[in-house]
Every structure is written in structure tokens, then in C-alpha cells.
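> From the sequence below, what's the structure:
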Amino acid sequence: MGNIIIGTEAVANGVVTRHQLRRWYRRVYPNVHAPRTSELTLRDRTVAAWLWSKRAGVITGLAAAALHGSRWIDDDVDIELIYNCTRSPGGIITRNEHIGSEEWQMLDGLPVATPARTAFDLGRFQRRDHAVAQLDALMRVRPYSLEDPLMLVKRYRGHHGVARLKAVLPLVDGGAMSPMETFWRLLVIDCGFPAPATQIPVVDADGRPVRVLDFGWEDFNVAIEYDGEQHQVDRAQYLKDRRVLPALERLGWNVLGVVREDDPVDVIHRLHDAMTARGWRGRIEIPPYAYSRWRTQIASTQPEFE
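You can find the predicted model right below:
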């Protein structure tokens with residue numbers, strides 16, 4: 001487990017003396033220490049939390065998602081463990097729940113909830129938008145069938161948050177390339193638009209690839225492209241995006257470009273105009289949360305990825 005040690009165990013095994021432990025190490029969790037000079041990563045803290053559990057806990061939640069390869073997870077999130085403990089230290093959340101032998105796996109020397117069990121726990125304990133963003137990210141790197149967490153819903157009927165998870169799962173789409181894409185996709189659904197398809201391939205008359213669109217409605221040839229930060233600072237990417245737009249227009253696509261700072265209500269009205277011009281006859285209703293959650297998103301210090 002690298003430089004993370006259980007203090008009493010390391011002293012007993014002669015790895016360090018008590019004096020060295022006090023001088024060169026700092027406490028991460030009770031009886032778990034790391035070198036004073038090291039800057040702890042999320043994995044370091046996850047290892048430390050597991051060692052604190054006397055190697056008995058199973059890692060789940062955001063820490064498990066990160067170990068499976070999900071991005072957009074801060075290093076300082078609480079480490080969630082399936083472990084029977086009524087009083088856990090700060091930075092660790094323990095859940096006294098059953099986990100079947102087929103619901104966890106060894107991953108780089110650590111017991112980690114499977115993608116399906118991780119999804120089951122993320123969907124129960126995260127706020128809807130955040131849960132969907134994390135489930136999207138997990139599905140992108142470790143594809144899982146939505147039937148698998150639904151099977152766990154049946155197995156653990158009555159557990160905390162199961163109803164919330166059932167409401168979240170139909171919204172999950174591994175095609176989202178960033179949390180902001182998930183935010184915009186959920187917003188258009190909540191406003192009354194049909195659920196869009198993600199990662200739509202567009203080809204020209206000769207079948208040559210033109211673009212893969214973030215999400216949209218193929219029946220109406222309307223799409224939304226979310227331009228992340230790299231589009232604004234990468235000149236080559238910016239020029240590539242500009243050059244492809246005329247080709248998309250010639251193929252009949254109306255593509256709305258959106259950036260992090262765009263007013264969500266303005267975007268929804270632009271989308272409504274584009275969709276109705278193509279024959280959509282639905283009604284929209286902008287939810288009260290549109291501005292508050294948008295402000296939360298643009299205030300986030302998390303880096304964007306595409």
C-alpha cells in the first residue's frame with residue numbers, strides 16, 4: 001500500500017520506530033499515517049481509510065468510481081466504506097450494509113464495489129444531478145447494464161435511497177463527455193423536450209464522417225454542442241469546430257453551441273425556436289432550479305474534460 005502505514009503495526013514490525021513515526025509521519029486517520037512530505041491523493045486517502053477499517057471495509061461511492069477510472073472527482077471527497085462502525089472519523093463515511101461476494105472485486109490490491117454496486121450506492125446517496133453525472137462518467141469508463149443495479153434494488157428493497165435510485169437510473173447515459181453535458185441534457189429533459197440521443201455520428205452524402213454531436217434529436221436534425229474550456233484555449237480545436245459548422249448546415253443540421261457561462265433560459269428558448277422550426281409541437285416549462293444549479297455549475301472549480 002505504499003507509504004501509507006498503520007502506526008502500531010509498522011512499529012511492531014520494525015518498519016519505523018515510535019520516534020520516527022512521530023517525527024516523519026502525520027496522522028491521516030486514527031492509527032493510520034502518511035509521510036509528512038507527501039501530498040495525499042484520493043487514492044492515498046482511500047488506502048488510508050481501508051487500512052483504518054482494519055482491512056475489513058469494501059470501498060464504494062465516489063472513491064470506488066475513481067478507482068474504476070471515473071473523472072471529475074475531487075481529491076477531498078469523503079471515502080465511503082461498507083463497514084460496520086457507528087462512529088467513523090472525519091473524511092470517512094461507513095455504511096453498515098450487506099454486500100454480496102459478487103458485488104465487490106479486488107482492484108489494485110483493494111476491495112472495491114463492482115461498477116453495478118458502485119452505481120447502486122452513488123444513485124442512492126447523491127443529489128439527482130450529481131448522481132446522474134457520476135453514473136454517466138462511470139458508465140463511460142466501465143460500461144454496466146442498468147439491469148444490474150435494478151437487480152440490486154430488488155435484492156435490497158427498502159434500503160435507504162432506493163426510490164431515488166430508481167428515479168435516477170432512466171436518466172443515465174454513458175455518452176456524456178463531461179458533467180456540464182449531463183447538466184444541459186437533464187435541463188432540456190426537465191424543460192419538456194424529448195430525451196435526446198448522445199454522441200450522434202453525422203456523415204456526408206458519401207458516408208464520410210463529418211462530426212459526432214454531443215447530443216440532439218435526429219428526427220428534427222437539431223443538436224447541442226457543449227464547448228468546454230479546451231475549445232476556448234485550443235486554437236486548432238476552435239478552427240476545426242468553426243470549419244465543420246457549414247458542412248453540418250448543408251446536411252440540414254441546426255447545431256446550437258453552448259458554453260459554461262451561457263444563460264440557461266436563453267439557451268432553452270433558442271432550442272425551442274430551433275425545434276419548433278423543424279416541426280416539434282411540444283410545450284416547455286423552465287424549472288425553478290435552472291438558474292440556481294447553473295450558477296453552482298459555473299462556480300465549480302473542477303476542470304472540464306472532453
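> Leu213 belongs to a strand?
Yes: counting by DSSP: H, G, I helix; E, B strand; the rest coil, Leu213 is located in a strand.
> give me every residue that touches it.
199-200, 202, 223-225, 253, 255 (C-beta atoms under 8 Å, 6 or more residues apart in numbering). In this view, the C-beta of every residue, glycine as well, is placed from N, C-alpha and C.
> Most neighbours among those residues, which one is it?
Most neighbours among these, by other C-beta atoms under 10 Å: Ala223, with 24 neighbours.
> is it fair to say that one lies in a helix?
No: if the criterion is three-state DSSP, then Ala223 is strand and not within a helix.
> Go ahead and confirm it touches Trp253.
Yes: contact between Ala223 and Trp253 holds when scored by C-beta atoms under 8 Å: they sit 6.2 Å apart.
> and for these two, which residues touch both?
Residues within reach of Ala223 and of Trp253 at once, by C-beta under 8 Å, 6+ apart, are 213, 216.
> what's the nearest residue to Arg142 if we skip its chain neighbours?
Pro115 (4.3 Å; C-beta to C-beta, 6 or more residues apart in numbering).
> what about the one you found, neighbour count?
Per other C-beta under 10 Å, the neighbour tally for Pro115 reads 24.
> In which helix or strand does the residue nearest the centre of the chain reside?
Computing the C-alpha centroid of the chain and ranking residues by C-alpha atoms, centre = their mean puts Gln134 first, at 2.1 Å. Using DSSP states H and E, Gln134 sits in helix 128-141.
> State the next helix or strand along the chain beyond that helix.
The first helix or strand that comes after helix 128-141 along the chain, using DSSP H and E, is helix 147-155.
> residue contacts, Ala176?
Ala176 neighbours (C-beta under 8 Å, 6+ apart): 133, 136-137, 140, 182, 185, 198, 215.
> mind checking how far Asn31 is from Ile93?
Distance, Asn31 to Ile93, using C-beta to C-beta, to the nearest Å: 19 Å.
> neighbour count winner among the two?
Between Asn31 and Ile93, counted using other C-beta under 10 Å, Ile93 has the larger neighbour count: 19 against 15.
> who does that one bridge with?
Beta-bridge pairing of Ile93 under DSSP bridges involves Glu80.
> surely it meets Ile82?
No: Ile93 lies out of contact with Ile82 (C-beta under 8 Å); the separation is 10.2 Å.
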